[in-house]
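Enquirer: Coordinates for the following, if possible.
(one chain, ligands or ions: 1)
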Amino acid sequence: MRSCPKASAAFRAATVSKSASICSCARTKASPGIDFLRGAVSYVRDQLGYSAGDFLYEMCEGILASNYPVPDRMLKLSELIVGQYLRREMVGKHPFVGEFDVFAVEGGTAAMTYIFNTMRENHLIKPGDTIALGRPIFTPYIEIPTLNDYQLKVVNLDADVANGWQYSKAELDKLRDPKVKAFFLVNPSNPPSVKMDDESLQYIADIVKERPDLILLTDDVYGTFADDFVSLFALAPHNTILVYSYSKYFGATGWRLGAIATHRDNVLDKLIADLPKEAKKQLHARYESITTDPDSLKFIDRLVADSRTVALNHTAGLSTPQQVQMVLFSLFSLMDTPDAYKSALKRLIRKRKQALYEEVGITFEDDDPNQVDYYTILDMEFLGERMFGREFVDWLFKNTEPTELLFRLAREARVVLLPGRGFGTAHPSGRVSLANLNEADYRQIGRAMRKLIEEYVERFNAATGKSLDKTKVK
Ligand SMILES: *Cc1c(COP(=O)(O)O)cnc(C)c1O
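Expert: Model prediction:
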């Protein structure tokens with residue numbers, strides 16, 4: 001835009017008339033960027049019903065970045081537009097009563113850091129308290145609670161691989177224990193990349209009716225990869241902190257873009273209001289420098305203040321160019337009907353998965369509607385048993401090193417995978433991200449896996465005198 005002198009005048013004109021000419025240079029050359037921006041202005045004005053002038057002003061001022069972010073939590077129209085995006089992707093057609101607030105943050109990483117910290121500062125979790133984790137889970141959720149900063153006790157809710165990585169009712173029933181202050185969930189999960197089924201979501205929502213004090217945190221950074229995704233935030237909006245990140249869906253980890261959302265009527269604010277007098281007095285003093293009414297400062301605004309040690313609240317907030325980029329990603333997605341981007345991404349990751357398993361020599365039934373496929377787990381136990389039976393796998397566990405799988409794949413396919421299962425305990429499995437390599441690379445990983453399996457079969461045959469056919473394909 002900078003190189004086109006007519007663009008800014010034309011941009012102004014575009015706010016007046018839809019058919020206004022944008023820029024003559026745009027007419028002669030293909031310029032998808034300008035077309036997108038023109039579409040975005042129309043969308044904001046005609047579909048969302050906001051002032052195009054105000055929108056352009058906020059975007060231009062945001063890009064120029066000559067002021068601190070105001071309001072601190074998030075620029076005004078940016079919050080509304082990102083809110084629309086979250087509503088479409090996380091709530092969808094599910095009924096949702098009321099409004100929610102959004103805090104723009106430096107990725108899901110900052111969201112997690114800020115939430116743990118503010119929950120502790122506001123006495124919602126204290127050393128010795130118990131929280132529940134839905135596992136498998138992104139490992140920082142396992143590591144943070146045990147830090148000296150938090151000293152939390154953890155109850156694990158384990159999803160079952162045999163149950164398509166869903167949680168049994170018995171596991172979810174652990175949330176009924178009043179000792180459990182909060183439940184942290186990654187949905188769709190990481191690493192298995194499976195979304196929680198509707199029945200489990202409803203089951204948790206029903207538990208919350210019994211336990212209105214239970215805090216839920218759902219980290220839905222993979223939600224946008226799922227079909228018709230509905231977040232726990234939609235089912236239990238008054239109890240749930242929603243964490244979202246643009247990193248994965250837009251392949252934009254370097255931008256550091258994330259969001260925290262809370263319903264305007266939420267349990268966090270209620271719990272803070274019901275704190276013992278002493279704690280309230282102390283919190284009054286903590287936030288007194290930034291507001292005349294610290295007692296009614298919302299949890300989400302406490303997050304903002306705490307993110308800059310309260311004293312620097314006036315310079316808090318995500319940098320304005322980052323907020324602009326977040327808005328552009330959100331608008332791109334909102335305007336993309338009927339979901340061409342989402343479908344293209346999904347086709348791409350499914351094709352890579354297919355290529356990988358073709359080389360392993362195994363076909364998989366792609367019939368689980370909750371499978372998201374951002375990651376796939378190369379699981380020697382699961383694959384070995386399917387191809388050569390339990391006896392083979394039992395022998396494998398006794399006679400081979402579980403770490404060999406990851407080292408061999410690193411050496412032979414030049415790919416470093418994270419462990420796939422059994423955090424803390426060694427298990428012969430690796431997590432493959434389907435998001436970032438070319439199809440040929442996935443084939444190479446598949447071939448290396450196949451070679452390793454065949455070697456194990458030869459060793460098994462030699463050691464046991466059996467004669468499994470290593471060329472078998474399943
Ligand atoms: C990648 C990831 C994050 C961190 O995302 P950033 O936005 O890049 O900081 C948080 N939670 C989960 C579950 C993730 O997979």
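
Enquirer: show me what contacts the residue nearest the centre of the chain?
Expert: By CA atoms, centre = their mean, the chain has its centre lying nearest to residue 221, at 1.4 Å. Contacts for residue 221 were tallied using CB atoms under 8 Å, 6 or more residues apart in numbering; they are 108, 186, 190, 243-245, 247-249, 258. For every residue, glycine as well, the C-beta is placed using N, CA and C.

Enquirer: And the helices in the stretch 201-350 of the chain, which stretches?
Expert: 232-235, 267-273, 277-287, 299-307, 320-335, 340-360 (DSSP state H, counting those that start in this stretch).

Enquirer: Make JSON lines out of the ones you listed and add distance to the ligand and mean neighbour count.
Expert: Listed next are these as JSON lines, based on distance: least, CB to the nearest ligand atom, whole Å; neighbours: other CB atoms under 10 Å:
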{"stretch": "helix 232-235", "distance to the ligand": "14", "mean neighbour count": "25"}
{"stretch": "helix 267-273", "distance to the ligand": "20", "mean neighbour count": "18"}
{"stretch": "helix 277-287", "distance to the ligand": "27", "mean neighbour count": "14"}
{"stretch": "helix 299-307", "distance to the ligand": "14", "mean neighbour count": "24"}
{"stretch": "helix 320-335", "distance to the ligand": "11", "mean neighbour count": "21"}
{"stretch": "helix 340-360", "distance to the ligand": "15", "mean neighbour count": "16"}
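
Enquirer: As JSON lines, these with distance to residue 415 and mean pLDDT would be great.
Expert: Formatted as JSON lines, the helices of the stretch 201-350 of the chain follow (distance: least, CB to CB, whole Å; pLDDT from 0 to 100):
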{"stretch": "helix 232-235", "distance to residue 415": "33", "mean pLDDT": "98"}
{"stretch": "helix 267-273", "distance to residue 415": "42", "mean pLDDT": "98"}
{"stretch": "helix 277-287", "distance to residue 415": "48", "mean pLDDT": "98"}
{"stretch": "helix 299-307", "distance to residue 415": "36", "mean pLDDT": "98"}
{"stretch": "helix 320-335", "distance to residue 415": "28", "mean pLDDT": "98"}
{"stretch": "helix 340-360", "distance to residue 415": "11", "mean pLDDT": "94"}
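
Enquirer: Export the ones you listed as CSV, with columns for distance to residue 204.
Expert: Shown next, in CSV, are these (distance: least, CB to CB, whole Å):
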stretch, distance to residue 204
helix 232-235, 6
helix 267-273, 14
helix 277-287, 28
helix 299-307, 20
helix 320-335, 27
helix 340-360, 26
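
Enquirer: just so I know, which of those helices lies nearest residue 147?
Expert: Taking CB to CB, helix 299-307 is the member of the helices of the stretch 201-350 of the chain nearest to residue 147, at 16.5 Å.

Enquirer: export that closest one as CSV, just CAs?
Expert: Extracted C-alpha coordinates of helix 299-307, given in CSV (Å, rounded to 0.1, in the frame of the first residue of the first chain):
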residue,chain,number,x,y,z
PHE,A,299,-10.9,-11.2,36.4
ILE,A,300,-10.0,-10.6,32.8
ASP,A,301,-8.8,-7.0,33.6
ARG,A,302,-6.8,-8.4,36.5
LEU,A,303,-5.1,-10.6,34.0
VAL,A,304,-4.2,-7.5,32.0
ALA,A,305,-2.9,-5.7,35.1
ASP,A,306,-1.0,-8.7,36.4
SER,A,307,0.6,-9.3,33.0
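
Enquirer: between it and helix 277-287, what angle do the directions make?
Expert: 60 degrees (axes from the mean of the first three to the mean of the last three CA atoms, to 10 degrees).

Enquirer: Pull the contacting residues for the closest residue to the ligand within the stretch 301-450 of the chain.
Expert: Per CB to the nearest ligand atom, residue 374 is where the stretch 301-450 of the chain lies closest to the ligand, at 8.6 Å. Neighbouring residues of residue 374 by CB under 8 Å, 6+ apart: 188, 190, 193, 222, 225, 248, 349, 433-435.

Enquirer: Can you check what pLDDT the model gives the closest residue to the residue nearest to the centre of the chain other than its chain neighbours?
Expert: Leaving aside its chain neighbours, residue 221 sits nearest to residue 245 (4.2 Å; criterion: CB to CB, 6 or more residues apart in numbering). For residue 245, the pLDDT comes out at 98.
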